[in-house]
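Asks: got a sequence here, can you build the structure:
(chains A and B)
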There are 2 protein chains.
Amino acid sequence: MSSVELLGFIAGALTTSSTIPQLVRIFRLKSAYEISMPFTILLLAGLSLWLVYGLYLSLTPVIVWNAIGTGCVAMLLVAKLRYGRRRP
Amino acid sequence: MSSVELLGFIAGALTTSSTIPQLVRIFRLKSAYEISMPFTILLLAGLSLWLVYGLYLSLTPVIVWNAIGTGCVAMLLVAKLRYGRRRP
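Replies: Sure thing, here's the model as predicted:
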């Protein structure tokens, strides 16, 4: 792996893994009132398109992390739909 | 601009602009209790590294959107520090 590919893997590991503590917090608090619905939907759409971009240019780190990221943000959307309706 | 560059610009516009409604929501509610601090810090570190990755490979959409994204998430960190301490 080249050093720039390694950099992309570290960058992606950080941005993608960032959603995990956020998911844990929401599911622990059983509240997603403060999470913005447009945030969740725009992020999900954007990560899906980055995935397509990575596939077009065969950028391995872009593909791997945006695939995982799309899954994590889909779970955030589920959490928002389940816990986001009313103030805790 | 090539069609794949255009795709990258749209993808970046979506992911980067997603933080704006989240910021608006936090500042309007004056509460960031549900926002995870590790989420904010990992995302800030990751977006900064994606910016370096984009600069290395001269990927214009990666550079532009991660520069703006880093700024937006820095503001989210400010919001978390200001409003995140206690349950509203």
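Asks: helix, strand or coil for A:Leu14?
Replies: Put simply, A:Leu14 is helix when judged by DSSP: H, G, I helix; E, B strand; the rest coil.
Asks: got a pLDDT number for the closest residue to it other than its chain neighbours?
Replies: Spatial nearest neighbour of A:Leu14, excluding adjacent residues (Cβ to Cβ, 6 or more residues apart in numbering or on different chains): B:Gly46 at 3.1 Å. From N, CA and C alone the C-beta is placed, and that goes for glycine too. B:Gly46 is assigned 95 on the pLDDT scale.
Asks: wait, A:Pro38 touches B:Pro21, no?
Replies: Yes - the pair A:Pro38 / B:Pro21 is scored as a contact, 3.9 Å apart, by Cβ atoms under 8 Å.
Asks: residues in contact with A:Val4?
Replies: The contact partners of A:Val4, by Cβ atoms under 8 Å, 6 or more residues apart in numbering or on different chains, come to B:Tyr53, B:Tyr56, B:Leu57.
Asks: what about the residues you listed, which one has the most neighbours?
Replies: Per-residue neighbour counts (other Cβ atoms under 10 Å in any protein chain shown) across the contacts of A:Val4 peak at B:Tyr53, which has 25 neighbours.
Asks: now do the buried residues in the one helix or strand it maps to.
Replies: Taking DSSP states H and E as the criterion, B:Tyr53 maps to helix B:37-57. For helix B:37-57, a neighbour-count test (16 or more other Cβ atoms under 10 Å in any protein chain shown) marks B:39-54, B:57 as buried.
Asks: I'd say A:Ala32 and B:Ser36 touch.
Replies: No - assessed by Cβ under 8 Å, A:Ala32 is found out of contact with B:Ser36, at 11.6 Å.
Asks: of those two, which one has the most company?
Replies: Neighbour totals were compared for A:Ala32 and B:Ser36, and A:Ala32 leads with 26 against 23 (other Cβ under 10 Å).
Asks: so that one, which state does it fall into?
Replies: Put simply, A:Ala32 is coil when judged by three-state DSSP.
Asks: please name the nearest non-neighbouring residue to A:Pro21.
Replies: According to Cβ to Cβ, 6+ apart, the nearest residue to A:Pro21 is B:Pro38 (3.9 Å).
Asks: quick one: the one you found and B:Ser17, what's the gap?
Replies: For B:Pro38, the distance to B:Ser17 equals 23 Å [Cβ to Cβ, to the nearest Å].
Asks: where does chain A have low pLDDT?
Replies: Within chain A, the stretches with pLDDT under 70 are A:88.
Asks: neighbours of A:Leu14, how many?
Replies: 20.
Asks: can you pull the contacts of it?
Replies: Counting by Cβ under 8 Å, 6+ apart, A:Leu14 makes contact with B:Leu42, B:Leu43, B:Ala45, B:Gly46, B:Leu49.
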